[in-house]
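1. Got a sequence here, can you model it:
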Amino acid sequence: MLAERKRLSGLLKALSCFCAFALLLPPGDAFAASLLEKKKDALPEIAASVPRGFRDAPFSLKLTSPTNGAVIRYTSDGSEPALTNGTESIAPLNIANTTLLRAAAFKDGTRVSAVATFSYIFLDQVLRQPAAPPGLPAGPRAWNGMPSGYQMDLRIVDDPVYRDRMRDAFKSLPMVSVVCRREDMFGPRGLYLNTMQRGDEWEKPCSVEMVLPDGGTAFQIDCGIRIQGNVNRVPNRSPKHAFRLLFREQYGAAKLQYRLFPDSSVKKFDTLVLRADYNNSWVHWDPQARPRAQRTRDAWMKDSHRAMGWVAAHNRYVHLFLNGLYWGIYDFTERPDADFAAAYLGGSSEDYDVVNEFQAKNGTLDAFNVLHSIHGLARNEQYQKLQQSLNITQYIDYLLLNYYAGNQDWGENKNWYAIRRRTPPEPFQYFVWDGEQLLHDVQDNTVIEPYETPFRLAEELKGNAEFRLAFADRVQKHFFNDGALTPAACVARWMKRAEQVDRAMVAESARWGYYRRNPPFTRDREWIVEQKRLVRSYFPQRTGIVLEQFRAVGLYPKIAAPVFSQEGGAIAITSPNGGAIHYTTNGLDPRVAFTGAVAPHALTYASAVTLSASVPVKARVLKDRVWSALMER
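-> Predicted coordinates:
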């Protein structure tokens, strides 16, 4: 199989080179046209008479090839068809059960097409998914010493409250079907029985199909698959493991080309993560974490960082099937690597250093080590030096979001990416990652009581007055005046994600709600209760509580920022605490950085300001030598 795949990959590379040369020839050149035609016909696709996806009734299926005289061979066990593997397709196939077909065309003793995969999932069978599927490891210690869990909970499937909602639950999200050899996923050397293994040796070939709720195919691609994550891969911590997909020429296409995330313009991917959710999930080992399950915390964090004006990975929810077995709600997300950076920040992937928890994923650690060698950050000269290596404004917003969320699984050594562009040289930015253990108690304070080792940079920077005021300015931007972290904005982002998984949680509860608890967790009880707690209690109070936490450590001044009110073309500026109001209309700060003096271009407010055009207004209050945060309009 591997030798055949490598041979086809080499053929494709050679044809690509020929076609690139052909494109240099004059238009209409016969030789160029013939080369292009050869490339087009190199791997003609197998066609199926019935689209892949969910099915409710038996049907007849015909496989066809555009290659004259080709023989079609297919398998239904997840393996790739070959001249010595599979069955020749002659008559139409009668499909009455969940079937995973992999088909290819052969001629003159050679495979002449790529392998096409068609998953047909019968929901009636999914809902009766057995506890011990034939040929798979099952039992109380079958999964690395832990109980296996394949079945759907019939207490939910047949419950009058849920039974009529099951089909809608499955059809409310895209379906993703991963098909591979049974032994590669569940065998003694398969992924699911070796979740702690890493590296190229533990990457398995597979097919991935994505079918949209309307029945249309988004894509089908052959790729590599690995177990993803850290603690999530530990057998006694979670039975529902995350995966990473890797698109390489050795499997077929070198990239997935599809606009996977509707809120992103990116259409090409080298790798994707299929997130399972671990912390605050129904399968978590900690009984206090399970009732908080929502499936939306990580996506909310990334959405929030984008709402604050920065780049973050995207999420998209799907129902995942492994070799025809339903595996629950997962979400695709981008991995913040050099290809991700180039896609969103410009340039090529070779331009970037990417650091994940002090390991260079792309580029080198040289610049990151320089960043972390800078100490004495309470001194302004060191603070200014740091700004050459770190985007301070972006870093403040990164800290601010994690403080707001009360992130308890985040710190110096875990759950972050740092990226910088080498050419032209730019400072590092930090990216949110794995945001699951957060939004707990509304009084949580990770500003002074971090649950993990705090960022040394952040702790040192708190001692610098310039940094504290810069931090306060970002608090003012995001905590007030409909900012990204005001209650209404947070609730709106939360409910947007909640609505995406709302109906699908019925299927998730039947699949995993029973694993750690009897009776099972359900959508209408625990999931809705936690959602209401967040929307009605947590978000409405959290902004004010965190603001006071910042005030207590000097990250937001006691003096309130000025307040703007506008009538027509005139702006009135008031100070809730008294003091002098200094403002500008040229886009510059009314305060001189590092000296704290009133800027020479600043104006002192005395009466309403009439503006003849739309110009920026920036204002601060100065009282008893203390400046307020910056207010902008």
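
2. Now for the closest residue to residue 625 other than its chain neighbours, how many residues are close by?
-> Nearest residue to residue 625, sequence neighbours excluded (Cβ to Cβ, 6 or more residues apart in numbering): residue 596, at 7.4 Å. Where you see a C-beta, it was placed from the backbone N, CA and C, and this is true even at glycine. Residues near residue 596, counting by other Cβ atoms under 10 Å, number 14.

3. same question, the one 10 residues further on
-> Residue 606 is flanked by 9 other residues according to other Cβ under 10 Å.

4. My guess is the residue nearest to residue 625 contacts residue 626. True?
-> No - using Cβ atoms under 8 Å, residue 596 makes no contact with residue 626, being 9.2 Å away.

5. now the helices: where do they sit in the stretch 201-350 of the chain?
-> 297-307, 338-345 (DSSP state H, counting those that start in this stretch).

6. Go through the last one and flag the buried ones.
-> Neighbour counts over helix 338-345 (16 or more other Cβ atoms under 10 Å) mark 338, 339, 340, 341, 342, 343, 344 as buried.

7. is residue 620 in a bridge, and if so with what?
-> residue 582 (DSSP bridges).

8. Run the chain-centre distance for stretch 73-83.
-> 33 Å (Cα atoms, centre = their mean, to the nearest Å).

9. mean confidence score for that stretch?
-> Average pLDDT, stretch 73-83: 97.

10. That one spans what distance, first to last residue?
-> End-to-end span of stretch 73-83 (Cα to Cα, to the nearest Å): 7 Å.

11. ditto for stretch 298-315
-> Stretch 298-315 end-to-end distance (Cα to Cα) = 8 Å.

12. For it, which outside residues touch it?
-> The contact list for stretch 298-315, computed with Cβ atoms under 8 Å, 6 or more residues apart in numbering, reads 260-261, 263-264, 275, 277, 331-336, 340, 344-345, 394, 397-398, 400-401, 405, 429, 431-436, 438-439, 478, 484-485, 489-490, 493-494, 496-497.

13. centroid residue for this structure?
-> residue 333 (2.7 Å; Cα atoms, centre = their mean).

14. tell me which residues of stretch 483-503 are tucked away?
-> Within stretch 483-503, the residues that qualify as buried are 483-487, 489-491, 493-494, 497-498, 500-503, counting by 16+ other Cβ under 10 Å.

15. Identify the residues contacting that stretch?
-> 165, 168-169, 172-173, 294-296, 299-300, 303-304, 307-308, 315, 317, 329, 400-401, 404, 477-480, 482, 508, 523, 531, 534-535, 539-540, 542-543.

16. tell me the SS of the residue nearest to residue 625?
-> At residue 596, secondary structure determined by DSSP: H, G, I helix; E, B strand; the rest coil is coil.

17. Enumerate every residue touching it.
-> Per Cβ under 8 Å, 6+ apart, neighbours of residue 596: 465, 625, 627.

18. hang on, the earlier thing: a markdown table please, covering the helices of the stretch 201-350 of the chain and showing distance to residue 97 and mean pLDDT.
-> Formatted as a markdown table, the helices of the stretch 201-350 of the chain follow (distance: least, Cβ to Cβ, whole Å; pLDDT from 0 to 100):
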| stretch | distance to residue 97 | mean pLDDT |
| --- | --- | --- |
| helix 297-307 | 35 | 98 |
| helix 338-345 | 40 | 98 |
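
19. nearest to residue 363, of those?
-> Nearest to residue 363, of all the helices of the stretch 201-350 of the chain, is helix 338-345, at 7.0 Å by Cβ to Cβ.

20. now what about the closest one, what contacts it?
-> 266, 268-271, 311, 313, 334, 348-352, 354, 361-363, 419, 421.

21. which stretches of this structure have low pLDDT?
-> For the chain, the stretches with pLDDT under 70 are 1-42, 453.

22. repeat that with 90
-> Residues of the chain meeting the criterion pLDDT under 90: 1-45, 357, 411-413, 423, 449-455, 566-570, 609-615, 633.

23. Let me see the domain layout of it.
-> 1-36, 43-122, 123-335, 563-632 (automatic domain parsing).

24. Sort out for me which of the contacts of residue 596 are in helices.
-> Using DSSP state H to define helices, the subset of the contacts of residue 596 located there is residue 465.

25. got TSV for the contacts of residue 596, with distance to residue 142 and neighbour count too?
-> Listed next are the contacts of residue 596 as TSV, based on distance: Cβ to Cβ, whole Å; neighbours: other Cβ atoms under 10 Å:
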residue	distance to residue 142	neighbour count
465	60	14
625	69	6
627	64	23
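
26. any chance of the contacts of residue 596 in CSV, plus distance to residue 448?
-> Converted to CSV, the contacts of residue 596 look like this (distance: Cβ to Cβ, whole Å):
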residue, distance to residue 448
465, 18
625, 26
627, 23
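
27. ok, now which ones touch residue 358?
-> 365, 368, 413.

28. Return the distance of it relative to residue 572.
-> Here the criterion is Cβ to Cβ, to the nearest Å. By it, residue 358 lies 51 Å from residue 572.

29. wait, what's in contact with the closest residue to residue 448 other than its chain neighbours?
-> Distances taken as Cβ to Cβ, 6+ apart place residue 553 nearest to residue 448, at 6.0 Å, with adjacent residues excluded. Counting by Cβ under 8 Å, 6+ apart, residue 553 makes contact with 447, 448, 462.

30. Out of those residues, which end up buried?
-> 447, 462.

31. With distance to residue 513 as added columns, please give the contacts of residue 553 in a markdown table.
-> Shown next, in a markdown table, are the contacts of residue 553 (distance: Cβ to Cβ, whole Å):
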| residue | distance to residue 513 |
| --- | --- |
| 447 | 35 |
| 448 | 37 |
| 462 | 43 |
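
32. got the CA coordinates for stretch 584-596 in PDB?
-> Presented in PDB, the C-alpha positions along stretch 584-596 are these (Å, rounded to 0.1, in the frame of the first residue of the first chain):
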ATOM      1  CA  THR A 584      -6.300  66.200  21.900                       C
ATOM      2  CA  THR A 585      -7.900  66.200  18.500                       C
ATOM      3  CA  ASN A 586      -4.800  65.200  16.500                       C
ATOM      4  CA  GLY A 587      -4.800  61.500  17.400                       C
ATOM      5  CA  LEU A 588      -2.000  61.800  20.000                       C
ATOM      6  CA  ASP A 589      -2.000  61.100  23.700                       C
ATOM      7  CA  PRO A 590      -2.500  64.200  25.900                       C
ATOM      8  CA  ARG A 591       0.100  62.700  28.300                       C
ATOM      9  CA  VAL A 592       3.900  62.500  27.600                       C
ATOM     10  CA  ALA A 593       5.000  58.900  28.000                       C
ATOM     11  CA  PHE A 594       7.500  58.100  30.700                       C
ATOM     12  CA  THR A 595       7.600  61.700  32.100                       C
ATOM     13  CA  GLY A 596       3.900  61.900  32.900                       C
END
